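Novice: Below: sequence and its predicted model.
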Amino acid sequence: MSVRQDSFREALTRENLAEQALYSGDPEPYKAMWSRSPDVSLFGAFGPCKTGWSELSRIFDWIATRFQGGSVSLEYELVYEGTDLAFTVGYERGELPAAGGASRTHTIRVTQIYRRENGRWRLIHRHGDFAPVDESPPAPAVSSDS
């Protein structure tokens, strides 16, 4: 009997729902997206840089307590699917409750790497950070005379 191969599109739909749950305070769907392999890694936007499933699992539980009552939307700039590896590059735009009842918004640049394991796409790495100010020069103007 062959193992059903889920599509990367299905994995991204699950990941989107899992992020929504995480921002609502439930880490379990997001944790279910991850490989249990010892080579998983997290370079988190809020500070944690960890490797290994036991460390990541603990951090995701902590994140859910910080994000409880928040919301998030995902915007992909680039999605690549290979045979057994895939990645996404994009933004998470979130809103989190803050002390005193006010909320705060944030935008995180996120790169995630996925590996196909037993027919399912699993996260194996996440790098998120807060974007610095873009100091690069503007693109040259295009002349309409050409």
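Specialist: Yes, it's here.
Novice: make it CA atoms for all contacts and neighbour counts henceforth
Specialist: Will do.
Novice: can you point me to the longest strand in this protein?
Specialist: In terms of residue count, the longest strand belonging to the chain (DSSP state E) is strand 103-117.
Novice: In terms of secondary structure, what does that one contact?
Specialist: If you count contacts as 3 or more C-alpha pairs under 8 Å, 6 or more residues apart in numbering; DSSP states H and E, strand 103-117 packs onto strand 85-97, strand 120-130.
Novice: Highest mean neighbour count out of those?
Specialist: Mean neighbour count (mean count of other C-alpha atoms under 10 Å) peaks for strand 120-130 among the helices and strands packed on strand 103-117, with a mean of 21.
Novice: got any ranges where the chain has weak pLDDT?
Specialist: 1-4, 98-101, 145-146 (pLDDT under 70).
Novice: related to what we said a few turns ago, tell me which of the helices and strands packed on strand 103-117 approaches P29 most closely.
Specialist: Nearest to P29, of all these, is strand 120-130, at 12.1 Å by C-alpha to C-alpha.
Novice: for the closest one, packing partners?
Specialist: If you count contacts as 3+ C-alpha pairs under 8 Å, 6+ apart, strand 120-130 packs onto helix 8-23, strand 41-43, strand 103-117.
Novice: again, 7 Å this time
Specialist: The helices and strands touching strand 120-130, judged by 3 or more C-alpha pairs under 7 Å, 6 or more residues apart in numbering; DSSP states H and E, are strand 41-43, strand 103-117.
Novice: and the residue nearest to T83 when sequence neighbours are not counted, what does it touch?
Specialist: In space, and not counting its chain neighbours, T83 is closest to R116: 8.0 Å by C-alpha to C-alpha, 6 or more residues apart in numbering. Contact analysis of R116 by C-alpha atoms under 7 Å, 6 or more residues apart in numbering lists 84-85, 122.
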